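[1] Following is a predicted model, sequence given first.
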2 protein chains.
Amino acid sequence: MNSIEKLIEAEKKNDSILCVGLDIVDDKMPRQIERSIEGMLEFNEAIIESTSDLVSSYKINFAFYEQYGRRGYELLEKTVAMIPSDIHIIADAKRGDIGNTSAAYAKAVFEELKCDSITISPYMGKDSVSPFLDYSNKMVFLLCLTSNSGSIDFEKEKIGDKYLYEVVLEKSMKWGSADNLGYVVGATHPDELRNIRTLAKDRYFLIPGIGAQGGSPDDVMDANSSGPSIINSSRGIIYAGGNEEKYEDYIRLAALELRNQLNEARY
Amino acid sequence: MNSIEKLIEAEKKNDSILCVGLDIVDDKMPRQIERSIEGMLEFNEAIIESTSDLVSSYKINFAFYEQYGRRGYELLEKTVAMIPSDIHIIADAKRGDIGNTSAAYAKAVFEELKCDSITISPYMGKDSVSPFLDYSNKMVFLLCLTSNSGSIDFEKEKIGDKYLYEVVLEKSMKWGSADNLGYVVGATHPDELRNIRTLAKDRYFLIPGIGAQGGSPDDVMDANSSGPSIINSSRGIIYAGGNEEKYEDYIRLAALELRNQLNEARY
């Protein structure tokens, strides 16, 4: 089964388009968990066990692992290995480099770590993205319009009568198919999301920015017009348990509520 | 000593603006070296020992290490630790993400790995770059105009009468000073390099693309007009020894020749 099939199957099986972002920071974990690599692995395991029947995918942001050096990389590998094999895994790594270098990054993420998809920055153009698309059984999510305040700096610069993010979208859509090339579109821009969806009706959108970053699930679902999508929440779910003893119950509840809210909006 | 001082001191001490890129691929190493992580470490050690008095800096492209997973990360850490403390180390990682994530990447590269500088992709704008600039004793090299063919796709799109890479340069120059914010400008575009230098006279340029990628040292030095710079060569130097028994002598010779060629052009 290739990565898009795995995503679609998980969506159906769990009746969910929710993605939980495993963005672990040691000092934000419940107090009773040891501040260590072992503790973070334990926390990830609890998150995965309490949500894996409620999600279509998990998103692993590499920065939160790399900050712990070699042992963080070990944590990353062990976390990937803990995710059930029928759930899609997104490597949120924002990579992109010249051809032979992108090929090495693709090998790292798709072969060594066996992730299903990866986020890529478009700045360097086609030959920086193609080595990832050469893995036709995997998926790429190219940054289009991101959820952060800095999206105004370059992504929203005008090239003729189009924004740069529209040029990125239109030009890159030819590089891959709907089966292996989707886009990152932030939940914090519902009006633009609506517009981007009209330009790319059949593409998967990875939509971060719900919750802690301020995006509203209802606004996003309305703007997304039932297009194929993965709605990510990280901090709003994984830290929902605070320091409660049964913190995993709160994590499950937060994931369940968001999944249901998204389902109500999309059906 | 902060990272720019270290760079300037190494330039003076070794009379060199050459950077050697440690882009190790196991099957390209001299035949007599074992194809293993240990072998790659041995090869890196030989490269560093035979060139560290001829360079201002080493550039470590993270992709070539990450492709070997956890053990590759270990190789990366050990390689960084082997570089003499008076030589500037560039983490060629092309990172960039929303604020709290960029902060974690900065911690990974500047605190865990103790590199002096990092390459960053500008696509996501100011708040994706600032967390790296917050380390005022370190340096950022922001992608401006890259050496690859894909640079035509977006970097050379026109925003009004300017190219995107010019807008990136002009807007971002306000985010950091000449001491902590420089730019990546590919050696494969000498005419544009000349123009970019007039726009940013005092900024350090990290210039890759010499050698295997086709950039000519003389053209680059002419276009760069004596601006502060780091000229990188990777494959042209590290694989100069082929399968020779004393391959390190050839590596040293290749580095020496390129250093001298650059010096002749800049004095």
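    The structure has been received and is ready for your questions. Residues are numbered from 1 along each chain as shown, chains lettered A, B, ... in the order given.
[2] CA atoms only for stretch A:133-148, dumped as PDB, please.
    Extracted in PDB, the C-alpha atoms of stretch A:133-148 (Å, rounded to 0.1, in the frame of the first residue of the first chain):
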ATOM      1  CA  LEU A 133       8.800  13.100  -5.700                       C
ATOM      2  CA  ASP A 134      11.000  10.300  -7.300                       C
ATOM      3  CA  TYR A 135       9.700   8.100  -4.500                       C
ATOM      4  CA  SER A 136       6.400   7.700  -6.200                       C
ATOM      5  CA  ASN A 137       4.900   5.600  -3.300                       C
ATOM      6  CA  LYS A 138       5.500   8.500  -0.900                       C
ATOM      7  CA  MET A 139       4.100  12.000  -0.600                       C
ATOM      8  CA  VAL A 140       5.400  15.600  -0.500                       C
ATOM      9  CA  PHE A 141       3.700  18.500   1.200                       C
ATOM     10  CA  LEU A 142       5.200  21.600  -0.300                       C
ATOM     11  CA  LEU A 143       5.000  24.900   1.700                       C
ATOM     12  CA  CYS A 144       2.400  27.100   0.100                       C
ATOM     13  CA  LEU A 145       1.000  29.600   2.600                       C
ATOM     14  CA  THR A 146       2.200  29.000   6.100                       C
ATOM     15  CA  SER A 147       0.400  29.800   9.400                       C
ATOM     16  CA  ASN A 148       3.000  32.200  10.900                       C
END
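[3] does chain B sit close to that stretch?
    Yes - applying Cβ under 8 Å from any Cβ of the partner chain, one finds stretch A:133-148 touching chain B at A:143, A:146-148. Quick note: C-beta positions are derived from backbone N, CA and C, even for glycine.
[4] the residue most distant from the middle of chain A, which is it?
    A:G160 (30.7 Å; Cα atoms, centre = their mean).
[5] Now do the contacts for that one.
    B:K158 (Cβ atoms under 8 Å, 6 or more residues apart in numbering or on different chains).
[6] Pull up the gap between it and B:A63, please.
    Between A:G160 and B:A63 the distance is 34 Å, computed by Cβ to Cβ, to the nearest Å.
[7] how about the nearest residue to A:V109, chain neighbours excluded?
    A:A91 (4.6 Å; Cβ to Cβ, 6 or more residues apart in numbering or on different chains).
[8] isn't A:I60 right next to A:S117, touching?
    No - using Cβ atoms under 8 Å, A:I60 makes no contact with A:S117, being 10.7 Å away.
[9] Could you check which of these two is surrounded by more residues?
    A:S117 (30 against 24; other Cβ atoms under 10 Å in any protein chain shown).
[10] Tell me what the more buried one is bridged to.
    Taking DSSP bridges as the rule, A:S117 bridges to A:I90, A:M139.
[11] Give me the local confidence score for it.
    In the prediction, the pLDDT value recorded for A:S117 is 98.
[12] show me the contacts for it.
    A:3, A:88-91, A:138-141, A:182.
[13] Looking at those, spot the one nearest chain B.
    Using Cβ to the nearest Cβ, A:A91 is the member of the contacts of A:S117 that sits closest to chain B, with 10.7 Å.
[14] Please work out how many residues are found near that closest one.
    The burial count assigned to A:A91 is 26, neighbours taken as other Cβ under 10 Å.
[15] and the gap between it and A:V129?
    For A:A91, the distance to A:V129 (Cβ to Cβ) stands at 15 Å.
[16] ok so, going back, overlap in contacts of A:I60 and A:S117?
    Joint contacts of A:I60 and A:S117 (Cβ under 8 Å, 6+ apart) are A:89-91.
[17] what sits against the nearest residue to A:D219 once chain neighbours are set aside?
    Counting by Cβ to Cβ, 6+ apart, A:P190 is the residue found nearest to A:D219 once chain neighbours are left out, at 4.3 Å. Going by Cβ under 8 Å, 6+ apart, A:P190 touches A:215-216, A:219-220, A:222-223.
[18] before we move on, back to that, same list (the residues of stretch A:133-148 next to chain B) but as CSV, adding pLDDT.
    Output for these, formatted as CSV (pLDDT from 0 to 100):
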residue, pLDDT
A:L143, 98
A:T146, 97
A:S147, 94
A:N148, 95
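[19] I'd like the average pLDDT over stretch A:30-47.
    97.
[20] Name the residues of it that are buried.
    Going by neighbour count (16 or more other Cβ atoms under 10 Å in any protein chain shown), the buried part of stretch A:30-47 is A:30, A:33, A:37, A:39-41, A:43-44, A:46-47.
[21] just curious, which of the residues of stretch A:133-148 next to chain B is nearest to chain B?
    The closest of the residues of stretch A:133-148 next to chain B, once distances to chain B are taken by Cβ to the nearest Cβ, is A:N148, at 4.3 Å.
[22] Can you report phi and psi for the closest one?
    phi -90, psi 170 (degrees, to the nearest 10).
[23] repeat for A:G211
    Torsion angles, degrees, to the nearest 10, at A:G211: phi 90, psi -120.
[24] got a list of what it touches?
    Contacts of A:G211 (Cβ under 8 Å, 6+ apart): A:233-237, A:258.
[25] What separation is there between it and chain B?
    13 Å (Cβ to the nearest Cβ, to the nearest Å).
[26] does the most centrally placed residue in chain A belong to a helix or a strand, and which?
    Centrality entry for chain A: nearest residue to the mean C-alpha point is A:K59, 4.5 Å, by Cα atoms, centre = their mean. Using DSSP states H and E, A:K59 falls within strand A:57-61.
[27] Sheet partners, orientation included, of that strand?
    strand A:18-21 (parallel), strand A:88-95 (parallel).
[28] next one: the biggest helix by length in chain A to chain centre, how far?
    As assigned by DSSP state H, the longest helix anywhere in chain A is helix A:247-266. Relative to the chain's own centre, helix A:247-266 is displaced by 17 Å; criterion: Cα atoms, centre = their mean, to the nearest Å.
[29] Would you mind pulling up the elements that that helix packs against?
    Packed against helix A:247-266, as judged by 3 or more Cβ pairs under 8 Å, 6 or more residues apart in numbering or on different chains; DSSP states H and E, are the following elements: strand A:18-21, helix A:37-51, helix A:217-224, strand A:229-233, helix A:235-238.
[30] so what's A:A108 up against?
    A:A108 neighbours (Cβ under 8 Å, 6+ apart): B:63, B:66-69, B:72.
[31] what's the answer for A:R259, then?
    Contacts of A:R259 (Cβ under 8 Å, 6+ apart): A:14-16, A:18, A:54-55.
[32] Next: A:V140.
    With Cβ under 8 Å, 6+ apart, A:V140 has these contacts: A:117-120, A:129, A:132-133, A:176, A:180-182.
[33] of all those, which comes closest to chain B?
    Nearest to chain B among the contacts of A:V140 is A:V129, at 7.6 Å by Cβ to the nearest Cβ.
[34] quick check, the closest one in a strand?
    No - under DSSP: H, G, I helix; E, B strand; the rest coil, A:V129 falls outside any strand and is assigned helix.
[35] was I right about it contacting A:A103?
    No - look at A:V129 against A:A103 with Cβ under 8 Å: they stay out of range, at 11.4 Å.
[36] Which of the two has more residues huddled nearby?
    A:V129 (25 against 18).
[37] ok, now which ones touch the more buried one?
    A:96, A:102, A:120, A:122, A:140, A:142, A:172, A:175-176, B:150.
[38] same question, A:F43
    Contacts of A:F43 (Cβ under 8 Å, 6+ apart): A:24, A:29-30, A:33, A:238.
[39] And A:I60, by the same measure?
    A:21-22, A:76, A:79-80, A:89-92, A:115.
[40] A:F62 now?
    So A:F62 contacts A:76, A:91-93 (Cβ under 8 Å, 6+ apart).
[41] One more: A:V185?
    So A:V185 contacts A:144-145, A:192-193, A:196, A:205-207 (Cβ under 8 Å, 6+ apart).
[42] Make a markdown table out of the shared contacts of A:I60 and A:S117 and add pLDDT.
    Putting the shared contacts of A:I60 and A:S117 into a markdown table (pLDDT from 0 to 100) gives the following:
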| residue | pLDDT |
| --- | --- |
| A:I89 | 98 |
| A:I90 | 98 |
| A:A91 | 98 |
